[in-house]
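Take this sequence and fold it.
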Amino acid sequence: MATTTLRRPTPPVRFRASAVTGTAILLRFMLRRDRVRFPAWTLGLALLMTYFATALESIASTPQELESLTAFTASPAGALFGGRGLGFDQLTIERFLVGQYGLYVTIGAGLMGLLTVVRHTRAEERSGRAELIRANVLGRHAQLTAALVVTVAMAVLVTLLIGAMMAGRGYDLAGSVLFGASVGATALAFAGIAAVTVQLSEYPRAAAGAAGAALGAAFVLRGLGDMAAVQDSGPSWLSWLSPIGWSQQAAPYVYDRWWPLAISLLFAVGTAAVGYGLSARRDFGAGLLPPRPGAPRAAAWLASPLALAFRLQRAGLIGWSIALIVAGVAYGSFTQPLIDSFADAPGDLLAIMGGSENMLDGYLGMMGVTMALAVGVYAVLAVHTLRAEETDGRAEPVLATAVSRTAWLGSHVAVTAVGVAWLLLLAGVGMGVGAALSTQDPGLIGTLLLGHVAHTPAVWQIMAIAALLYAIAPRALPVIWVALGYGLIASYFAPILDIPDAVLDLSPFAHIGEYPLEDVNMVAVAVLTLLSAALLRAATVALKRRDLAGGA
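Take a look at the predicted model:
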C-alpha cells in the first residue's frame, strides 16, 4: 500500500518594507505635480530680490542718497519692518538691500517651505490620494520624507539663484552666497515646523494656519528684539528665538557669519524628527488633536447657500479682520516718525509718497492702496475655496439639491464682496486710530476710513476676474496672482519706472486715486463696480457650460 507523505506548505515570502520604502517614486510624483509651483516659487523669490536690487539702485544712485535712507531704518519702526541694520555705519547698496528688503524674501521662503510640506502630506491625506498610494508597498514615513526632500531641493535652488543674482551685480561673492543660504535656511526651518503641524490636525488649512502662526510669531519676536537693539534697551535677545532672526544674524556683507545658519539647520532637523515621531502615534488620515464634535443638527440659519458660503469663509474672515486692524494700528502709529525721517529722502523715493510738500497725504494714500492689495489676497484666496470645494467633492452634493450653480457661485462671491468692504473698513479704522494717536489729529480717522473703503471696487474687479477664470478654466486660476502683483508694482513704482499711462491703466488700483493725496474718482468707482458685475455675470454663465472638476 502506497504511503502518502504530507508536507507543510511553504510559507509565502514576505517583503518587509522599511519606513521610507517608495520615497523615490513619491519624489518623482511630487516633482511632476509641482512642475509649475516649483519654478514659480524659486524663480519668483529670486526675481523679487532682483527687483528690490534694481529699484534700490534707481532711487539711491549716490552714497548721499543712500545715506539719507538710514534715518528711517535707524528708528524702531525701521527695525520692526526691516531689521536692525547691521553694518549701516558704513553703508553700501548690498548691505542696505539685505538689511531692509531681505526680510521680505526670507518670509516668502518660509511660506514656500511650510506650504510645500502641507501640500504633499496632510492635503494628500485629506483628498484621499495618499490612501490610494499607500495601498501599494510604501513606508510610513515615505510621504513626509519625499515632501521634505522636495522642500530641500527648492531651498537649495533658491540659495543658488539668489546668490548668483547678487554676485552677478558685482556684490561680494561670499556675502552673496551667504545671503542666498540664509533665505534657504529659513525655508527649511519652517518646513520642519510644518512637519509637526501636519501631524496635529486632520485639516490642511489648520496645519498650514498653525505653521503660518509660527511664522508670524517669528516675525514678531525678531521685530521686538531688533527694536530693542536699535533703542539699546530691552530684550534684544528675543530676535535669537526666531528662525528669521537667525538668518538676519548671519549678517551677509558685514560679518559673513555662517554659524547662525547652523541653528536653523539643527532646528529643521529637530522639528522634522519630532514630526516623524508624531506621525507614528496617529492613525492615517487622523490628527493627534481630535476635531471638535459638531452639532447633531445644522442650525436653521444654514439652510441657504448664502449662509453656507458665510460659514465656510467665517474663520478666514475673522483671521483677516484681526490681522488687518492690528496692522492698521501698527502702521498708523508710525506715521509721524516716518514723515519726520523721510523729510530728506531721495527725490525718487519722495515721488512714491507724493513729494515732500504732501508727505503726510502721500503716505496715508499709499497705505490705503497697500491695504487694498492685502485685501486683494483675501479675495483671491476666497475664490480659490470654490476650486477646493469642487475638487474635494463637496460642491457636487450641494448642487445635487435645489441649489443652482448660479446661486452657489453667487453666494460665495457675495460673501467675499461684503468681506472685502468689511476688511477695508477695519483697516481704515485701525490705520486712522494709529495715525490720529501719532499725529494728534483725530480728523484722520474719517479721512483714512474713506481712503481705504474707496478702493473696494478695485478689489472687487480682482475678485471678479478670479471668478471668471475659475468658471472658464479652473486650472488657470493662479494667473490672477499676476494681475495682483502687477497692481502692486504699478502702484508703488510707477513714479520712478516711467510706466506709460496706457500700461498703468491696466491695474484696477490705478483709477480710484490715493485719497487724501488725490480726490476719489467717483466715475472710476462706478465703472469698476459695473465692470465687476459684468464679469461676475459672465462667470455664472460660463460655470453652467462646463462639467464639475474640469475645465471648459
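
Flag the shaky bits of this structure, pLDDT-wise.
1-17, 59, 61-62, 65, 68-78, 294, 298-301, 338-358, 492-501, 549-552 (pLDDT under 70).

Break it down into its domains, please.
Using automatic domain parsing, the domain parsing of the chain gives 18-285, 300-552.

okay, those domains in a markdown table with mean neighbour count and distance to Pro293 next?
All C-beta spots, glycine's among them, are computed from the backbone N, C-alpha and C. Below are these laid out as a markdown table (neighbours: other C-beta atoms under 10 Å; distance: least, C-beta to C-beta, whole Å):
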| stretch | mean neighbour count | distance to Pro293 |
| --- | --- | --- |
| domain 18-285 | 20 | 13 |
| domain 300-552 | 18 | 17 |
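
which ones are touching the residue nearest to Ala217 when sequence neighbours are not counted?
Nearest residue to Ala217, sequence neighbours excluded (C-beta to C-beta, 6 or more residues apart in numbering): Ser242, at 7.9 Å. Applying C-beta atoms under 8 Å, 6 or more residues apart in numbering to Ser242 gives the contacts 217-219, 221-222, 225.

Mark which of the residues you listed are part of strands, please.
Members of those lying in strands (criterion: DSSP state E): none.

Need the domains of the chain in CSV (columns: distance to Pro291).
What follows is the domains of the chain, written out as CSV (distance: least, C-beta to C-beta, whole Å):
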stretch, distance to Pro291
domain 18-285, 7
domain 300-552, 13
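
on that earlier part again, please narrow the contacts of Ser242 to those residing in helices.
Judged by DSSP state H, the contacts of Ser242 include 217-219, 221-222, 225 as members of helices.

Tell me which two in those residues are the farthest apart.
Using C-beta to C-beta, the ones in helices among the contacts of Ser242 span at most 12.4 Å, a distance reached by Ala217 and Gly225.

what sits up against stretch 281-296?
125-126, 130-131, 134, 199-203, 278.

Ignore what I typed, I meant stretch 81-93.
So stretch 81-93 is contacted by 53, 56-57, 60, 63, 66-67, 70, 73-74, 78-79, 95-96, 99-103, 171, 222-223, 226, 229-230, 239, 248, 251, 253-255 (C-beta under 8 Å, 6+ apart).

at 6 Å what do you get?
Residues from elsewhere that reach stretch 81-93 (C-beta atoms under 6 Å, 6 or more residues apart in numbering): 66, 70, 73, 95, 99-100, 103, 226, 229-230, 248, 251, 254.

can you give me the helices in the stretch 251-400 of the chain?
For the stretch 251-400 of the chain, the helices defined by DSSP state H, counting those that start in this stretch occupy 259-279, 305-333, 335-341, 347-352, 359-391, 395-399.

a markdown table for these, including distance to Ala542?
Shown next, in a markdown table, are these (distance: least, C-beta to C-beta, whole Å):
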| stretch | distance to Ala542 |
| --- | --- |
| helix 259-279 | 42 |
| helix 305-333 | 19 |
| helix 335-341 | 45 |
| helix 347-352 | 39 |
| helix 359-391 | 13 |
| helix 395-399 | 15 |
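
Out of those helices, which is closest to Gly434?
Per C-beta to C-beta, nearest to Gly434 of the helices of the stretch 251-400 of the chain: helix 305-333, 2.3 Å.

Which strands or helices does the closest one pack on?
Secondary structure elements in contact with helix 305-333, counted by 3 or more C-beta pairs under 6 Å, 6 or more residues apart in numbering; DSSP states H and E, are helix 405-439.

go again using 7 Å as the cut-off
helix 359-391, helix 405-439 (3 or more C-beta pairs under 7 Å, 6 or more residues apart in numbering; DSSP states H and E).

tell me the angle of that helix relative to helix 405-439?
20 degrees (axes from the mean of the first three to the mean of the last three C-alpha atoms, to 10 degrees).

now helix 305-333: how far from the chain's centre is it?
Helix 305-333 has its average C-alpha position 15 Å from the chain's average C-alpha position, going by C-alpha atoms, centre = their mean, to the nearest Å.

Report the angle between it and helix 359-391.
150 degrees.

what helix or strand is the residue most central in space within the chain on?
In the chain, the C-alpha nearest the mean C-alpha coordinate belongs to Leu111, at 6.2 Å (C-alpha atoms, centre = their mean). Using DSSP states H and E, Leu111 falls within helix 102-120.

can you put the contacts of Ser242 in JSON lines and add distance to Ser18?
Below are those laid out as JSON lines (distance: C-beta to C-beta, whole Å):
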{"residue": "Ala217", "distance to Ser18": "36"}
{"residue": "Ala218", "distance to Ser18": "34"}
{"residue": "Phe219", "distance to Ser18": "39"}
{"residue": "Leu221", "distance to Ser18": "39"}
{"residue": "Arg222", "distance to Ser18": "39"}
{"residue": "Gly225", "distance to Ser18": "43"}
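
of these, closest to Leu536?
Phe219 (35.5 Å).

Enumerate every residue touching Val156.
Applying C-beta atoms under 7 Å, 6 or more residues apart in numbering, one finds that Val156 lies in contact with Gly184.

10 Å instead?
Listed by C-beta atoms under 10 Å, 6 or more residues apart in numbering, the contact partners of Val156 are 42, 180-181, 184, 187-188.

do Gly451 as well
By C-beta under 10 Å, 6+ apart, the contact list for Gly451 reads 361, 364-369, 371-372, 424, 428, 431-432, 444, 512-518, 520.

same question, Gly192
113-114, 117, 148, 151, 211, 243, 264-275.
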